[in-house]
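K.L.:
Got a sequence here, can you model it:
(3 chains)
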Amino acid sequence: MSWNIMFEPDGRKQRLRRGRCRARSEAALHTLRRSRRVKANDRERNRMHHLNAALDELRGVLPTFPEDTKLTKIETLRFAHNYIWALSETLRLAEQRPRKAPPAGPPSPGSDAGSWLSAASPSLSACTSDPSSPATSEDYGYGPREPLFACHGPAAPPPRVSLSV
DNA sequence: TAGGCCATCTGGTCCT
DNA sequence: AGGACCAGATGGCCTA
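P.N.:
Residues are numbered from 1 along each chain as shown, chains lettered A, B, ... in the order given. Got it, this is the predicted structure:
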């Protein structure tokens, strides 16, 4: 680094110094921006990891056949949506007709879900979660894999479900 | 090899 | 100002 410019007689030293300062501040700005970006990337990565963890938890409570089938993200969300709809439909039907013996209460969807699903209600048994027997994509106007877990229930849309986290 | 899925990066926007 | 959220872009991996 040369400090000769300090002794330049005219205004050139001022300009040089300013230019140098600007260069330095631009470099500093660049590194500052860069470090902020890296931090933001880190947070974003973390956020997505948390999102994926939540999605995995959701997968864990959804019945899948075969059990080692891993649903994609979109499949998980769609299936969860339909599954909730089917469960509420089951409740609604159960409330409509009185039972002699009290039901054994729905088990965790992940456990023995298949038998329960088929026994509990036509709504649930209609809600297939077998990726090997999907509804056609044309039925739901979506891509080839996405609408796999559609309920073949009434035309009425599934009820809105409020989820508290 | 094309298409689907995914992780990551990035810039923009909104909120605290 | 900094963090959260979002959507678009990109590249890698896998499968039919």
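K.L.:
does A:E57 belong to a helix or a strand, and which?
P.N.:
Element membership for A:E57, per DSSP states H and E: helix A:12-61.
K.L.:
Give the burial count for A:L87, as a bare number.
P.N.:
A:L87 sits with 19 neighbouring residues when counted by other C-beta atoms under 10 Å. Every residue, glycine included, has its C-beta placed from N, CA and C.
K.L.:
meant to ask about A:H50, not that
P.N.:
Neighbours around A:H50, by other C-beta under 10 Å: 10.
K.L.:
now do A:W85
P.N.:
Counted by other C-beta under 10 Å, the residues lying close to A:W85 total 20.
K.L.:
Tell me the residues on chain A that lie near DNA strand C, please.
P.N.:
Within chain A, the residues that sit near DNA strand C (C-beta under 7 Å from any atom of the strand) are A:R36, A:K39, A:A40, A:R43, A:E44, A:R47.
K.L.:
can you do 10 Å?
P.N.:
Contacts of chain A with DNA strand C, taken as C-beta under 10 Å from any atom of the strand, map to A:32-33, A:35-36, A:39-44, A:46-48, A:50-51, A:144.
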